[in-house]
Every structure is written in C-alpha cells, then in structure tokens.
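Asker: here is the input, now give the coordinates:
(chains A, B and C)
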Amino acid sequence: MENVSQKKNGGEQPRIGFYICHCGHNIASMVDCADVAKYVAQLPGVVLSKDYKYMCSDPGQEMIAKDIKEHGLNRVVVASCSPLLHEHTFRNATEKGGLNPFYFQMVNVREHDSWVHTNREDATHKAKALARAAINRVAHHKPLETKKVPIHPDVLVVGGGIAGIHAAMTLANAGKKVILVEREPTIGGHMAKFDKTFPTLDCAACILTPKMSEVGSHPNIRLMTYSEVVKVEGYVGNYQVTIKRKPRYVDEELCIGCQECIPACVFKEPKFADEFNEGLGKRKPIYIPFPQATPQVVTIDPKVCLNFNKKGEVSNKCKKTCVEACGDKNAIDFTQTEKFEEIKVGAIIVATGFKTFDARRITQYGYGIYPGVYTSLEVERLVNAAGPTGGHVVLRDGRKPESIGIIHCVGSRDEKTNRWCSRVCCMYSLKLAHLLKEHTGAEVYNFYIDMRTPGKNYDEFYGKLLEEGVHFIRGRVGEVTDWAFTKEEEGKLVIRVEDTLAGYVRRIPVDMVVLSVGLEPQPDAQDVRRLFGMSCGGEGFFLERHPKLAPVNTFTDGIYLAGCCQGPKDIPDTVAQAGAAAAEAMQLIDRGYIEQEPNTAFILQDECCGCKSCIPLCPYTAIVFDESTQKAIINEALCKGCGTCVGSCPSGSIVQNLFEDDQIFSEIEGVLSYD
Amino acid sequence: MPKPKVAFYWCASCGGCEETVVDLAEDILGVVEKVDIVLWPVAMDFKYADVRAMPDKSIVATFLNGAIRSTEQEEMARLLRRKSQFLIAYGSCAHTGGIPGLANQFSREEILNFVYKGSPSTVNETGTLPQTEFEEQGRRVHLPALHQGVRSLDQVVEVDYYVPGCPPTPNITKAAVGALLEGRLPAKGSVLAPDIALCDECPRKATKPTNVAFTEFVRPHQRLLDPNKCFLAQGVVCMGPATRSGCGSQCPSGNMPCTGCFGPTSRVKDQGAKMLSSLCANIEPKDEDGVDKVLEGIPDPVGTFYRYGLPKSLLRRKGGLPTS
Amino acid sequence: MTEKKWTPRLVAFFCNWCTYTAADLAGVSRLKYASNVRIIRVMCSGRIDPQFVLEAFAKGADGVLIGGCHPNDCHYVEGNYKMLRRYRLLKRMLADMGIEPERFRLEWISAAEGEKVKRVVDDMVQKLTALGPLAWDKKLEDWDREVKALEEHVQAQQTTKEVANA
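Answerer: Numbers count the residues shown, from 1 in each chain, chains lettered A, B, ... in the order given. Take a look at the predicted model:
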C-alpha cells in the first residue's frame, strides 16, 4: 500500500489459460477434472479453462500454443504431474505459442494429490485450492531469459574400475581430455581380482588388462593413481577439483616397472598382508599390487617399510638395498610428500564402485572363527593362477577340500543386514561352483533361496551347472558349526539348513565354506557424496535422478554416476552404464554451454542500504560489497538461486526471479482462499 | 486568497508528536503564516460541534497522530476523514500503531485490572474501575469505551499519507508540510520518508562487518557501548537494517541502537519478521542447542521486533484474546 | 455452502531438492496420507521468509510445515541451517503471540524419504485436529466488527434523521 510501484508487467491484465490433465486414469480416477476446470473458469483473470486427457502429448502441447495465439493468452497454467517431470515440456509449449516460457506455472495434482489420497471429494477440493494458488501466482510472473553458462571441455572420472576405465576410454576416443583419478596404486578395481567372469568364463584379466594398458597410454587420458579427490568447488561446466596425490616414494616418470627392487628388499620373505589377495597372500613393503598393474610402477608402504619410523617420517635406518637395485634409473625417492593439485573440468563421472559385505557381521556363518570359511572374493584369488596359491585351491591348513558348501545371499535379501538383492551373487556362486569343481573335483553344494539368472545366457549357464553334478539345496543356511554329531562330521564344518524342497532340516558336513557376500556401498560413500553434492538413497548407494529415465544423472547438473556405486550390477550392465555416463558428459561438453534456470537473485541497487547482513550468507560468495557505491551486489554467474539472501534481507531489497515475494504471498493466499 | 485550513488532532498518543510541531522552532512561524489552523486541541480550545459544523473536505489536511484505541478516537478519525481532503497519519502510532500497539498482547480487561488494581504502586481499596456510563445527582455521564485492541489509523479510515517516527523529526515534518503547501505530494498512500533502510545514513556504517556471525545478543544496558562501532557488530540488536531512514540516525548518534520507529520499507509486509530473519540467518552455531543459547539474548521478541508496529504486523494481535 | 466438518488446513513449504522430491516419491510409491496439506515449492528452505509463515497463519492456516534437507546435505550447502536458526526464534515468538508450538514444525526430509513425508503429514494433521482450528483470519474479522459498529450506528442515525426530516 505504501510507496507502491505498479510493477505488474507494465500494468497489463492477466489473460490466463488453465489446463487440467486427466493423465489417463492417473489423475482423473481421483480428481474430478471437469469440476476443477469449471471452478477455475470463474476465477479472476482466467480466459479459458479446459480439461484434457494427456497434456504432455503432442496434441496437448499444440493445443496450448494454438490457444495462446487464438485467445490472446498472456499466462498459462497446467495442472498435471510434478514440475520436476514436465515443467520443461510445458514451458517449451508456451514458448511455441509466442509467449515467454516463464509466463507458465505448473500445478502438481498427481504425485501430490491423485496418487496419494483416497477420497475423491477431498482430492478434488485440494486440486481446486492448488489451482487457485497457481492462478494467483502466475499473474505475478515476469518474462525471463535463461542464461547460458559455458562448459569446460575436460572431464574428471573418479574411480578406475571397469566403469571408470570404460567411461574414460569412451570419452578419450571421442577426443575429450579425461582425468582419471584412482585411490589405489593401480586401476582395475574389483574386476582385476576375479579369475573368470560369467557366463562366458572369460579370464577377467585377459579382457581387462588390454583396456587398462590402453588407458595408461592414451594421449587424452591423464592417469592419477594413488590419488583422491578432496575438494570440489564450482558448478556444472566449471568445476575446480582439488586432488591429493599420495606419495608412493617412487617417481612414476622414472620407474620402468622392472621390479628388481622387490627381490632386493631387506625383507627376504614377504611378510605383510597383501590387500590385492584379500589378505591370503603376503607382500613386502615395496610392492606392485599385481603383475599387470597400471601404471607399471612399484609403491612403498611407509607403514611397514623399515626406512620410516612409527610416525611415518623418513628415519633413514634402512640399508635401502632397493635404491641400490634400482641403480641409475634413480626412481626411488624418499623425499616425496603429499601433494595437492587443482584441476578444472566441466563434468564429473563418479565410478567409485562397491565393497563386499563384511561376513563377520553374520557370526553364525563362522567367518573369521573357522579357518575353513572364506568369502567369495577370497576364493576368486585362490582359484586364480596368479593368486597367492598359484591357482591351487588349498585350505589355510594346507589340505585340499573334498567337499565345499557355497552359501548364497550372505548380507543380501536379509532384514537384519541388507534388504536388497545384490544381483550378481547367484551368477558368481554358480561360476565358483564350476571353477571349484574343476580345480578340486570336490562335492560342491550351493545353498540358495532363489536362483537369479536374468541376463543373456545366464540361465543357460545355470542349466550347464545342473548337468555338472553340483548339488543345489534350496534353503537359507541357519549356521555353520564345527560341533560334530557323528563320526563323518568330525574335523569338518557342518552346514545346517532347512531343505525347503525336501521338507526337512539337513546337516551337511564340508571341508570348505564359501560365503557369497553381497555388494554394499563403499564405507566412505556419505563423505564422497557430500564432496560432489549428491544424495544417497535409503540403502546408501548414490542416488540417480530418476530410477527409470535418468539412471546415470544425479540431481546435481554435470555430475554423473556409473557402475556399482549407483547400485549392484554385473559387468555388462556396468560397462553399459559407463558408456551412458560418458554419453551424457559428452552431450554437455559438445553442446558447449548449459542453460541455467533463471532463478537467480538480484539486489535492487537504489533500495539497498548497505547493511552488509547478506554478504556472509552466500555459500558461493556471489554477494560482494561494492565500496564505491556502498551497496551490496550479486554476481549473477555465481548465484545458484537458493534464495537464502532474499529471505533474509531486512529491508526487502533482494529479489529472486521466479520466486519473488509477491508470487509466493499470492500462492499462500490461493491455497487458503478455497475453503 | 484564504489560507488553506489545516488541523492537528491526537488520539492514543503521548503528546510527543505535538512537541515535534513545536520543535519546528522558528520554522513554526513560517507554517503558521501560510496556514489557518482550525483545530489543535493541545494548543487551542474547540468543541466537537465546531468540527461537525465544518463543511466536508473544507480542511485541506489533517495531521492525525496517535493510535485508535477508543470509540471517541474512532469517531474523531471518521469525522476528520469526512472533513479533510488529505488525512495524514502523523507519527508511529497513527502509522503502525506505535508503542500503544504493544497492548495488543493483552485484553482490555487484563490491562484495566493491572493498571487500576494489580500494579505494585496502585492503591485502590475499593477496586474502582472506569466505566463507560455513570450516574450522579441525576446526571448521566458518558465516557468513551476502550476497544479490545489497538489499531493504526488506516485500519479504521482511508489514509492519504504517512509521516513516520516516534516522533517524526522536525526535518521530515517540515518536508511534509512543504510538499503539501507546494502541491508536490507523491502517489497516494506513500510514506513521506526515504524508502531505504537506516544503515544508508548511519554514521556507523563504515564499521559494519561483512562477516557478522552472532555468538550472543546483548541488550544496551548490559554493555558499555562503543559510540563509534555498528551496534550489530557489538552484539546489540539494532533495527536499523529493517527501518526506513530520514530521521538523521538520531538514536545511533545518541549511542542507542535504532528501535524501528520509522517503520518498514514499502517492500516489506512485516518489519519484525524481516529483522528476525536477518538476525537469525547470521547466528553462528549450527546445532539447535547452540542456536537457542544465542537466542537467549532476545528474551522478548515481540517487544523487540514490534515495538512500534504490532497492530500493522501480519498477526496484528495475540491469539486467544476476546474480540469484543 | 453446506457446513462441512472442519479439518485442519496445513500449508507446507518444501524445498525443491529434498522434500519436494520426497513428496513426489511418496506419490510414485502410491503412499496414502491426509489430504489436508497444501505444498508450496521453494528452491531451498533458506528462501523461507518468516513473513510467509506469518502470512499463512494470518490467512487462516491451522498449521505450517517446513521441509528441508538434513543438516550437512543442503543442495546449496547451508540454507537449511539459516532456516533452522529462524525457526527457533520464530517458534518462540509465535508461542508468545498465542500460537501453539505444535502448529509450526520444521522437518528434515531427504529425497529418498517418501515414507517420512507421509508420516509427518499424518502426524501433524492428527495433532492439529486435536488442537482445533486456529482461524486467525476469522478472529481478526470478528475483532474488526467493533470498529464497524460505530459507523453502522452513525449511518442508522443519519437515515433516521433523513426519514424524520422528509
């Protein structure tokens, strides 16, 4: 009322076109669309009010464009599904009709109304209130332009497993510059540990290592191993990422991977648990994780190397025979320190993979208690010819197992641990059954709940197994125990299970138990996702933007997902998803710019009093104080449109496009004005 | 050429606004010369019948100060509205309800009981309360009734302009009268003070921090206040950022924080809410308990944020009170 | 209009990235909850001006619900903390103004918690039903009658006089 400036778009009267969508039965079954249209028709400013079966269809969109021209509409409101789905669609339709696309407002009467309420009268009533609010609001809308933000052409891929490798290769072969960051000393991820892959029984290393070496030598890929992302700043198209390079105490440029330093080490025998072999083998302080590691460079572990003291500082107490053996290559460098490097990229693909379920959590299966109980990943190393036992399946006490039990669903489909199905375990359990039988000739028993073999040639693989004499028992194993009841059970591990098809509880004595552990999010998933501004789903895997239509996008523009970090999946799906993520990133980069939603804030320069209370509020430091004008001003390029400064300005001198005070006040009035 | 007729009237007020007119000092002679003051209860005698006898719209401008609290004030506001071309709400009470507006936290009955019976310094053995009607010696006496709550002038009649302040300063009063006499008034409904907050003209502006982060709030009596530093930087609530300027920053110049008497800018619906928003957003702790501890320094948010504007706030008065 | 049995009107301000998405998820999952809630979308809970809350109550809402991202998870880094700080004082001030604390609620709901949207809305509607209507707008209308009474009286007097003089 006081000092009011009539800024309502030059005082033009709103001419609003209202449409309510039936969405087939999705809305119409619970909301009386014709009734809502009738109600809206008599609201002030509404020129036409229709209901229609499918507004998002081509005819629906064309109708909007046509009506704008024929009826001289200057505002459009569509009541249908969530704006997160179709706001863009209807803005385009509005634009096709010759109107600024931001003269459009959407009403959510599906996800927020027809789908969640059970009383038709109440749901219709609510739809009317929401429609009223939108009619009120849209009258206050202003014409806006999307702003174009340029995209930096480089891409960061985080994680060097098969997902990261494939995404990086796809992008690099398309001519993009890729930075691939991997936490371990080598790329390869979990796949490098497998022996054979299902259903083809291809040797994992044979199909993986050529890709690894391509990555290592590709001119467009900069490989940063033994490195971690520690900070991500910026926004889509313009990310500044800080990467921590951990010191291997070996110069990557100088080491040629001859590995002469390893036998020369003062430790004559390997003594320390070997991570790559799941702790089943041993390594020395100077080591290479596996022969085909990429880069082909050794690493020194300061926690066990004699040249370091307990605090991790160089003590120079060791003879350094490794340095001697290296000779004039001079690759070993004990002066290395942790380094931080900042890079600029336009898009980021997160492919950080999974961890296996910690089988110690299910104490009744005896992992960590009985030496004869192994996880599937440990068994992969046992059957692998390059593994700690040279491919011979021998137990920790040296015996060759004559009977083996493979327990499915350890840490999957379980209310007490993880509720989800880890998707790959049935197949790999069948694969291990085959490999173990091949290597040992033992009696193999698979204990399963359901046999999940959905992929191409998967069920056929199962069929083959059935012919190989593997025993299949349908039942969830109750416990693994060494308490023998009969003579046959002595010295063995007894698996107690209800054989649901036979109808009674059985005790099956075996020499070796293999636990098919499920897939879980990495232990630091929460920290990683905060780093990139992503969300996690309820189970802890990174959250995709839409489970069906956007499985590789996240809610943060420019950040994509690939592989098991998004959810358990097998290698074919991982590779497919990595390709999809690469395509999405490429789409961004090739277009060269992104159109940002114009919901940024601006400070009214005449009205700002320079109180400076907004300056500390912006996490993007978009607000600065201009000493020459003595007023605050917002850098539009940095503003992300959260509106926090707008809500806080004590004199009301900051305005947020698309979310102006008047617009929201009118919405509040609208939802409450229909009783 | 007859001089334009001008009236001054007071409703629920303290008399401070009348003093401002007097405070125009020698300038008052300039005013008196140019206008014909037809009504000014503090300075001249008058009878209601005189006012009723004036033709409608014969007064060019009435400067009405004070809030509307009683039936008499309501009646006079309506009467003067009819008799005036321009009705100008003068001072905080007429503009936004003013300090009397804080009475909207209580019912009329609670107030009368406290003032006449309950307050520690009252002696009223017979428990006498004022009545609207009283008969004595065959004569019936009427007193105006108190309304249940306080209203600003525009919540009762249509107002043309507002001169804010508790009281308005001599300079904006002069400017208002000058604009009136010279026919330079802005759009109807305007507040005759700059539409920009106080920090703009505050002498302490340069000491305002760009990184304020409140770890506590203190009230003016709890600290020896630095006469040169921004109050917010010292942890004292100053309503300046949420209040119009035009007063010359008299309170900060007197080493007291602004309490908001000029009311909000035109872009704000609820002055108190905006100040609350700004202060709270800049509180340092992120956890509930830490935040609550800092907020202990504001024990009376209604009194702090709505000292002059409770009747014009969005909620207007406390809930649960009687409506008649 | 026929006298409908009163049910509370709950205005909710949901942030786009977490809470609004969670409400969409509740819809996609076909969870069923009370229809009393009306959701208004903002980009971040930090946008929520206390004026919006007061306006909602003043215009007749029986309850106001604010939904934001969990602490540490705000899409815009810290907007939710600003809302939390405003909430603590605003809640106390509303109580001082006679609005019961249960009518104003702040909840952290992540994009995956469709179930929580249902729970919170149902719980709040239940509590509001027990508290009864706030009807701030009706009460103010009632109170404003005391200044209409005099004008009506004067009008009546005017008319009587005119009739008498005619």
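
Asker: ok, residues contacting stretch A:57-72?
Answerer: Stretch A:57-72 is contacted from outside by A:15, A:17, A:19, A:21, A:47-48, A:50, A:52-55, A:73, A:76, A:78, A:89-90, A:92-94, A:96-99, using CB atoms under 8 Å, 6 or more residues apart in numbering or on different chains. The C-beta positions use only the backbone N, C-alpha and C, and glycine is treated the same way.

Asker: how about 7 Å then?
Answerer: The contact list for stretch A:57-72 (CB atoms under 7 Å, 6 or more residues apart in numbering or on different chains) reads A:15, A:17, A:19, A:47-48, A:52, A:54, A:73, A:76, A:89-90, A:93-94, A:96-99.

Asker: just name the shakiest helix or strand of chain C by mean pLDDT.
Answerer: helix C:136-165 (a mean of 82; mean pLDDT, DSSP states H and E).

Asker: spell out whether that one and chain A are in contact.
Answerer: No: Helix C:136-165 lies apart from chain A when judged by CB under 7 Å from any CB of the partner chain; the minimum separation is 8.1 Å.

Asker: picking that back up, out of the contacts of stretch A:57-72, list just those in strands.
Answerer: Among those, the members found in strands (DSSP state E) are A:17, A:19, A:47-48, A:52, A:76.

Asker: and the spatially most central residue of chain B, what's its pLDDT?
Answerer: Note on chain B: the residue nearest the mean C-alpha position is B:Ser92, at 1.9 Å, using CA atoms, centre = their mean. pLDDT, B:Ser92: 97.

Asker: phi, psi of it?
Answerer: phi -60, psi -40 (degrees, to the nearest 10).

Asker: contacting residues for it?
Answerer: B:98, B:164-166, B:261, B:263, B:308.

Asker: for the residues you listed, pick the one with the most neighbours.
Answerer: B:Gly98 (32 neighbours; other CB atoms under 10 Å in any protein chain shown).

Asker: with adjacent residues omitted, what lies nearest to that one?
Answerer: B:Ser92 (4.1 Å; CB to CB, 6 or more residues apart in numbering or on different chains).

Asker: what's the neighbour count on residue 186?
Answerer: All of this refers to chain A. Neighbours of A:Thr186 under the rule other CB under 10 Å: 24.

Asker: chain B is the one I meant
Answerer: Neighbour count of B:Pro186, defined by other CB under 10 Å: 11.

Asker: give me the secondary structure label for it.
Answerer: With DSSP: H, G, I helix; E, B strand; the rest coil as the basis, B:Pro186 sits in coil.

Asker: list the contacts for it?
Answerer: With CB under 7 Å, 6+ apart, B:Pro186 has no contacts at all.

Asker: just the pLDDT for it.
Answerer: The model reports B:Pro186 with a pLDDT of 95.

Asker: spell out which parts of the stretch 201-324 of chain B neighbour chain C.
Answerer: So the stretch 201-324 of chain B meets chain C at B:269-270, B:273-274, B:276-277, B:280-281, B:283, B:286, B:288, B:291-292, B:295, B:298, B:301-302, B:314-316, B:318-320, B:323-324 (CB under 7 Å from any CB).

Asker: show me which of those are buried.
Answerer: Neighbour-count burial (16 or more other CB atoms under 10 Å in any protein chain shown) is assigned, among these, to B:269-270, B:273-274, B:276-277, B:280-281, B:283, B:291, B:295, B:298, B:301-302, B:314-316, B:318-319, B:323.
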